[in-house]
Structure formats: C-alpha cells, structure tokens
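1. pasting the sequence and the predicted coordinates here, then a few questions.
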Amino acid sequence: QKEVEQNSGPLSVPEGAIASLNCTYSDRGSQSFFWYRQYSGKSPELIMSIYSNGDKEDGRFTAQLNKASQYVSLLIRDSQPSDSATYLCAVTGVGDSSYKLIFGSGTRLLVRP
Amino acid sequence: DTGVSQDPRHKITKRGQNVTFRCDPISEHNRLYWYRQTLGQGPEFLTYFQNEAQLEKSRLLSDRFSAERPKGSFSTLEIQRTEQGDSAMYLCASIKLGGGSGYTFGSGTRLTVV
C-alpha cells in the first residue's frame, strides 16, 4: 500500500471554477502536510503547508486537513489556466526526526480557458 | 539569499559512465536532502545531511550512489557506472531546523542515460 495516495487525474475544470484536489495518507501519526505545484519539466514549488485539523487559507488556495480520516485536500478558487500543473501532496513520516517528506504521485490539473 | 542551486541542469551520459551533480543549499540551512523523481511519479527520498553528517540513506540508494557534504556547505551526488534506469530528475532541497516550513527545492538536474 502506497503511503500517500492521490488520484493521477487529469482533473479538468473550466476557468473560474473551484478545483478540488485530494490526498490520503497511511501513517496516522504524520505531523506535517504540504502541497507542492509542479509545472512540466520544473521542480516542485511549495504552495501550502498545514499542521493541524481544519482549514488554512492563503489567497485563492485553501488546504484542509482531517487527521481522523487521514485526508488532506487543496481547493483552488477562481482557477486560472496558469494553475494547470501537477499538484503533489507530501507528508512527514511518523515519529521521524529526519523530517523527510513522503510524496504522492501527484494529480494533474487542467484549467480550460 | 539566492535559493537552492543545482548544477548542471541537464546531463546526458552514456551507460557505464560516472556522473556527479552539485547542490548549493540556502546559506545557513543545516539540512540538505536529495530526492529522485521519475516521469509520472512523486519525488522519492534518497538521502539527507545535517551539516556535514549523512544521517540516512534510502534503500533506493544502491552502492553505485554516493553523496557527500564536505564542511556542511554544498553537496555532491555521484552515480558510478550509470544505468538507463538512473535516468530521472535529481532534486536537492534544504531547510533550517526549527524553521517550520516545507522544503525549498532547487531546479533539479535532469539525467538522461543513453
């Protein structure tokens, strides 16, 4: 069983819509959760971090964490064609002082003009 | 603060050759991580350093791979006797312990083994 699971997509939404990206993780004790955006051929770029249950908003992005369900999501409001990219979910390991990140395979988002 | 730098950006090599990549972390970041990413997959952890000490290596890191971080500054990742399966993007990231945020990745080195 993969430790971090994401639907590979592509998720296609029209411009201006809300894009909802989901991620589940297997280690119940994971502490830190991140969303990265990766354009084709480029390296991942950190867009959101969340550490406690609930919602965290930053501009058009909202991260949601539910530790009981082992579920993290990213909402992108007013989606723009420039948001078209692969979105990677990452979590830190359980009781792991290395702070290494475990990544999902990513969800490809396409925003149609 | 110029971010994390990686060199070269691209490397094409023949199977069996040795290659070395360099990563310059953000200054004062005491932890440095190497990841590998293949097409359609997320980055996979290879190894990390705290200052000059290499504290963990993944099982993915075969004996052909070696990494160093002399004096706790830049790091190098060497692959000996490259194989076609080594073709991937090699990513470096650094953090400052206690900084409370995720990694900043470098732009990566794309390796193609022909």
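-> All right, it came through fine. Just so we're clear, the structure is a prediction, and the values are computed from it rather than from any experiment. Numbers count the residues shown, from 1 in each chain, chains lettered A, B, ... in the order given.
2. would you check that my belief about B:F65 contacting B:Q54 is correct?
-> No - B:F65 lies out of contact with B:Q54 (Cβ atoms under 8 Å); the separation is 11.5 Å. All C-beta atoms are positioned from the backbone trio N, CA, C, and that covers glycine.
3. could you find the closest non-adjacent residue to the residue of chain A found nearest chain B?
-> Nearest residue of chain A to chain B (Cβ to the nearest Cβ) works out as A:F103 at 3.1 Å. Distances taken as Cβ to Cβ, 6 or more residues apart in numbering or on different chains place B:G42 nearest to A:F103, at 3.1 Å, with adjacent residues excluded.
4. pretty sure that neighbour is touching A:S105, no?
-> Yes - between B:G42 and A:S105 there is a contact at 5.1 Å, judged by Cβ under 8 Å.
5. between the two, point out the one with more neighbours.
-> B:G42 (23 against 17; other Cβ atoms under 10 Å in any protein chain shown).
6. mind checking pLDDT for the more buried one?
-> Here, the pLDDT recorded for B:G42 equals 96.
7. and the gap between A:Y36 and B:R64?
-> When distance is defined by Cβ to Cβ, to the nearest Å, A:Y36 is 28 Å away from B:R64.
8. ok, those two, which is more surrounded?
-> A:Y36 (26 against 13).
9. tell me the SS of the more buried one?
-> Secondary structure, DSSP: H, G, I helix; E, B strand; the rest coil: A:Y36 is strand.
10. who is it paired with across the strands?
-> Applying DSSP bridges to A:Y36 gives these bridge partners: A:L46, A:L88.
11. from A:S43, how far out is it?
-> In terms of Cβ to Cβ, A:Y36 sits 9 Å off from A:S43.
12. list the contacts for the residue in chain B that chain A sits nearest to?
-> Using Cβ to the nearest Cβ, the single residue of chain B nearest to chain A is B:G42, 3.1 Å away. Going by Cβ atoms under 8 Å, 6 or more residues apart in numbering or on different chains, B:G42 touches A:V4, A:L88, A:A90, A:F103, A:G104, A:S105, A:G106.
13. in a strand, it, correct?
-> No - counting by three-state DSSP, B:G42 is not found in a strand; it is coil.
14. for it, phi and psi?
-> Main-chain torsions, B:G42, degrees, to the nearest 10: phi -80, psi 170.
15. chain B contacts on chain A?
-> For chain A, the residues in contact with chain B (Cβ under 8 Å from any Cβ of the partner chain) are A:4, A:8, A:32, A:34, A:36, A:41-46, A:49, A:88, A:90, A:98-106.
16. write the ChimeraX selection for whichever of those are buried.
-> Selection of buried members from those for ChimeraX, criterion 16 or more other Cβ atoms under 10 Å in any protein chain shown:
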select /A:4,32,34,36,43,44,46,49,88,90,99,100,101,102,103,104,105,106
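17. restricted to strands, list the residues of chain A next to chain B.
-> A:V4, A:F34, A:Y36, A:E45, A:L46, A:S49, A:L88, A:A90, A:L101, A:I102, A:F103 (DSSP state E).
18. outside of stretch B:28-35 itself, list whatever touches it.
-> A:99-100, B:23, B:25, B:43-51, B:67, B:69, B:72, B:75, B:77, B:90-97, B:103, B:105.
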